[in-house]
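> Below is the structure, and that's it, no one-letter string:
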C-alpha cells in the first residue's frame, strides 16, 4: 500500500487561523497511517483577489512579472502559518515556497505551466521525518523570477507533485466530492464514488468548478489517482481514475455554466478569409470562443453565432467595434441571458441515441436551445437562463444522475 | 560626481498606494540627474506587525524560520506594487526580493546579518536601464531559506548595497533629518547638516529612532556617506559621514529613551561568581543589560542596579524568580518610571569638564539621577520620567543644540 500522499487544501479551507487548525488536525490524523505527507495549500480565502485589486490600483496594466511576485505572497503566508500550527501541535514541519520546492515553470507570467519538479529538497525534509508544506499555484522560471500557474494552479501543483514523487493525491475542497449534477441545482444529485479522468476533464472544461482540467490532465497522463473530498467532513469522496468497465452508464454527469454570453453577427461576408479574420481577432484579444455555429443567408452573407465567457465582454466589444468599422452593414447582438448545459459520459462512445434522447427531452419540455456542440463524450446546449432549473431536472431524472 | 544612488523608503512612506505614488515621483525626479537608481523599500505601514500578530495566533512559539518566511512577504508586496507604479509612470523597472538581489545572510533567523551581496542580477538590470526595486530587511541563507535582518533591517540593506555597488546612500524617512535633540521634546532643536558616523552610532544606540546603529556601522566601515531626509518634503536633510574638524562642539546631540526600566537587587552576595551568574542568566534570557552600578553593603552583601529595555520585563521577571529561589534574602525592586538621557559628542574626547558641567546643570535644577555611565563620546543618566522635559531643556539650552 502506498503510504505517501500529497494533500491539497484550497483557499476556503485555510481562510482563517481557526480553519487552518482544522486542516492541521486532518493532516495529523492522516499521519497516523501515512509515512510521507506533503501538503499543498492555496492563499487564505480571498487573498489573491485582494492582492490583484491592489495591483489594479497601482497600475492599469501592471507588469505580469510583478503581479506574480505580488500574488505569490498569498501562499507564502498560508504555508508559513500552517507550518507553525502543525509545529505547535508537536510535528516537525517545513514550509517551502514553489521556488524552494523545486517547481520549475516556463518563462511566461500569470498563466504558467510546470515544466519539471526537482524534488530533492522535499525528499530531504521527508526523510528527516517532516511534514512538508508546499505553496501551491507558484513556481520559478529559468530567470529566477517567481511565476504563477493561473486559476486552479494549486490543484496542478498537488497532482504534479504526486506524479513526480509517486504519491497519492488528495484534493480537499468545500464540496464532498464530485456529483453528477451540482446539488445546488438538483438536490437529488448523487455523489459519484468514481469518475474517469476523461469524464472529469470534460466536466471541468464544461464548467464544473470542483477541479481544473489541467490537474486532471496531469493525473491522467501520469496515472495519479486523485481523491476529491470535503475538508470539513469525514464523508467519503470521489476517486478520479482510469475506469474500465464492461457496461457504462451513458451519461455520468451534467454541468451548467451560467457565465456565458452568446454573440450573433448577421450579414457577415461569407468568405473564408473574413470569417478567419473575425476569429483571429477574437483570439488575439484573448477571447476563448467556445461554441460556434454559422448559417448562410442570402447575397453571399451569413449569420455567425458563438459563445464565450461573460468575463470577456469587454474584449469582445473591442473586436466587434473594429468589425463594424470594416463591415458597416453587419448587425451584432450580444445575449448574456443564456447558459450552457452539458451532459458528459464515456458511455456515449458505445451507446447511440443519447443525443436523440436529449433532443426529445428538451422538446417535450418546451426548452428551446440556440447552439449545440458535441464531442466524443459530451453534448452541450445553449439555452435561456430561465430554463436552467427545468432542463437540469428533466435530464437528471431521465438519466438517474 | 557619483550619479548612482541607493534610495531607501521606510514603511510609513509606502503605507498606501497613494503614498507610493509620491515616492515614485521622488524617484523619478532623482532619475533626471542620476543614472543608476536602486530603491530599497520596507513593508507597507504596519504590515510586519500584523503578520507577526498572525504568527502569534498560529503558535505561541512560532518557528523562526517560518516567521521569516511569513514576514518577508511584506516587502515582497511593497516592491511589486512600487515597481508597477514606476512602470505605469513610464519607467522600466524590476522588483527583486532579497534572495533575487543576491543578499546572502548567515544561518539564523529573525535577527540575521548580511554576510555578502552578489550584485550581478542588480547590475544586469541597471545596465539595461531599469530602476531596480529591492526588498529591504530580507535575504537568503546557505540553505536557501528566507531570512530577515531584524529591526531597521531595510536601512542595513540600503547601506550595504550602497557599499557593495559604490553608490551613494539616501535614507528617506518621516523626519527631516537628524536633530541634536528630538524636536518633540525640545521645539527649538536644530537640524544638523552633518553628523559623524561615531556620533550617529552613539545617538542611535542611545535611543534616537531615526536610524539603526548597524547600518551606520556599515556606512562607517565602508565609507558610505548616508544622507537622511524627509520622504515628504524637499527640505535638506543631514549627511552622516567622516567629520574631521579642528574645533568640535563638545556636545552634538542629546537623546532620551523612555522605554527603560531599572532593576535594583539588594542583599546580593558580594562574590564574583554570584554576580557573574546573575548577568549570565540575564544574557541567556536575551535581556540586553545597559547601565550597571554596584555598591557594596555590609556583611559581604551588595546592592546591584541595572537598566534594561522595558520590553524585557517578562524575561527579567523569570530571572529574578530564579534568583529569589537561590538567594531567598535578596530584595528586588523594579522601576519603570525612569528614563535614560544621554549626551553625545566626539568633542568630549578633547574637551574636559563636560561631565562636570552636566552634573552642575542637573544639580542646579534639582534633577536627581540614579545611574551614570560614560563612553568615550557620551554620558548617560537615569532620571525619573517626570524630569525629562526639564533636563532636555536645560541641557539643550546650555549646549546650544
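Sure, I can see it. A quick note: this is a predicted structure, and the numbers were derived from the prediction, not measured.

> Enumerate the residues of the stretch 1-150 of chain A near chain B.
A:17, A:20, A:51, A:54-55, A:57-63, A:65-67, A:69-70, A:72-73, A:76-77, A:79-81, A:83-85, A:87-88, A:93-95, A:97, A:100, A:121, A:144-146 (Cβ under 8 Å from any Cβ of the partner chain). Quick note: C-beta positions are derived from backbone N, CA and C, even for glycine.

> and if we set it to 7 Å?
Counting by Cβ under 7 Å from any Cβ of the partner chain, the stretch 1-150 of chain A comes close to chain B at A:17, A:54-55, A:57-60, A:62-63, A:66, A:69-70, A:73, A:76-77, A:80-81, A:83-85, A:87-88, A:95, A:100, A:144.

> Please flag which of those residues sit within helices.
Those of the residues of the stretch 1-150 of chain A next to chain B mapping onto helices are A:17, A:54-55, A:57-58, A:66, A:69-70, A:73, A:76-77, A:80-81, A:83-85, A:87-88, per DSSP state H.

> Please pick the buried ones from the residues you listed.
Neighbour-count burial (16 or more other Cβ atoms under 10 Å in any protein chain shown) applied to those gives A:17, A:54-55, A:57-58, A:66, A:69-70, A:73, A:76-77, A:80-81, A:83-85, A:87-88.

> Could you look up the SS state of the residue lying closest to residue A:304 once chain neighbours are set aside?
In space, and not counting its chain neighbours, residue A:304 is closest to residue A:265: 4.5 Å by Cβ to Cβ, 6 or more residues apart in numbering or on different chains. The three-state label given to residue A:265 by DSSP: H, G, I helix; E, B strand; the rest coil is strand.

> hey, what's residue A:265 bridged with?
For residue A:265, the beta-bridge partners are residue A:304, residue A:332 (DSSP bridges).

> Over to the one 4 residues further on?
For residue A:269, the beta-bridge partners under DSSP bridges are residue A:301.

> my read: it touches residue A:299, true?
No - assessed by Cβ atoms under 7 Å, residue A:269 is found out of contact with residue A:299, at 9.7 Å.

> Those two: who's more crowded?
Relative neighbour count places residue A:269 above the other of residue A:269 and residue A:299, with 18 against 8, counting by other Cβ atoms under 10 Å in any protein chain shown.

> Buried residues, the lowest-mean-pLDDT helix or strand in chain A. List them.
Least confident helix or strand of chain A, by mean pLDDT, DSSP states H and E, is strand A:292-296 with a mean of 79. Across strand A:292-296, burial judged by 16+ other Cβ under 10 Å covers residue A:293.

> What helices and strands are in contact with that strand?
Packing partners of strand A:292-296 (3 or more Cβ pairs under 7 Å, 6 or more residues apart in numbering or on different chains; DSSP states H and E): strand A:301-309.

> pLDDT of the strand it packs on, averaged?
If you average the pLDDT over strand A:301-309, you get 88.

> Mind listing what's buried along the following helix or strand past that strand?
Sequence order places helix A:313-326 as the next helix or strand after strand A:301-309, per DSSP states H and E. Across helix A:313-326, burial judged by 16+ other Cβ under 10 Å covers A:315-316, A:319-320, A:323.

> orientation of helix A:313-326 relative to strand A:301-309 in degrees?
160 degrees (axes from the mean of the first three to the mean of the last three Cα atoms, to 10 degrees).

> and helix A:313-326, average pLDDT?
Averaging pLDDT along helix A:313-326 gives 91.

> Likewise for stretch A:271-281?
86.

> Check stretch A:338-357 too.
pLDDT averaged over stretch A:338-357 gives 81.

> what does stretch A:229-244 give?
88.

> Could you give the residue of the stretch 301-401 of chain A that lies closest to chain B?
Nearest to chain B, among the residues of the stretch 301-401 of chain A, is residue A:314, at 19.6 Å (Cβ to the nearest Cβ).

> Now the stretch 101-250 of chain A against chain B: closest residue?
residue A:144 (5.9 Å).

> Which stretches in the stretch 301-401 of chain A count as helices?
A:313-326, A:354-364, A:388-399 (DSSP state H, counting those that start in this stretch).

> domains for chain A, by residue range?
Following the assignment in automatic domain parsing, chain A carries domains at A:4-173, A:253-399.

> Tell me which of the ones you listed lies nearest to residue B:174.
Residue B:174 lies closest to domain A:4-173 among the domains of chain A, at 21.8 Å (Cβ to Cβ).

> quick one: the helices in the stretch 101-250 of chain A?
Using DSSP H, counting those that start in this stretch, helices in the stretch 101-250 of chain A cover A:120-127, A:153-165, A:197-205, A:213-222.

> Give the other helices and strands that the second one contacts.
Think helix A:153-165. Secondary elements touching helix A:153-165 (3+ Cβ pairs under 7 Å, 6+ apart): strand A:4-9, strand A:36-41, strand A:114-117, strand A:168-173, helix A:213-222.

> Out of these, which is the most enclosed?
The highest mean neighbour count among the helices and strands packed on helix A:153-165, using mean count of other Cβ atoms under 10 Å in any protein chain shown, belongs to strand A:36-41: a mean of 28.

> Could you list the paired strands of it along with their orientation?
Assessed with DSSP bridges, strand A:36-41 is paired to strand A:4-9 (parallel), strand A:131-135 (parallel).

> Make CSV out of the ones you listed and add mean pLDDT.
Formatted as CSV, those follow (pLDDT from 0 to 100):
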stretch, mean pLDDT
strand A:4-9, 97
strand A:131-135, 98
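
> Which among the helices of the stretch 301-401 of chain A is found nearest to residue A:285?
Of the helices of the stretch 301-401 of chain A, nearest to residue A:285 by Cβ to Cβ is helix A:313-326, at 4.2 Å.

> give the contact list for residue A:211.
Each residue near residue A:211 by Cβ atoms under 7 Å, 6 or more residues apart in numbering or on different chains is listed here: A:152, A:155, A:171, A:200, A:204, A:228.

> tally of neighbours for the closest residue to residue A:55 other than its chain neighbours?
Of all residues not flanking residue A:55 in the chain, residue A:62 sits nearest, at 4.4 Å (Cβ to Cβ, 6+ apart). The tally of other residues near residue A:62 (other Cβ under 10 Å) stands at 23.
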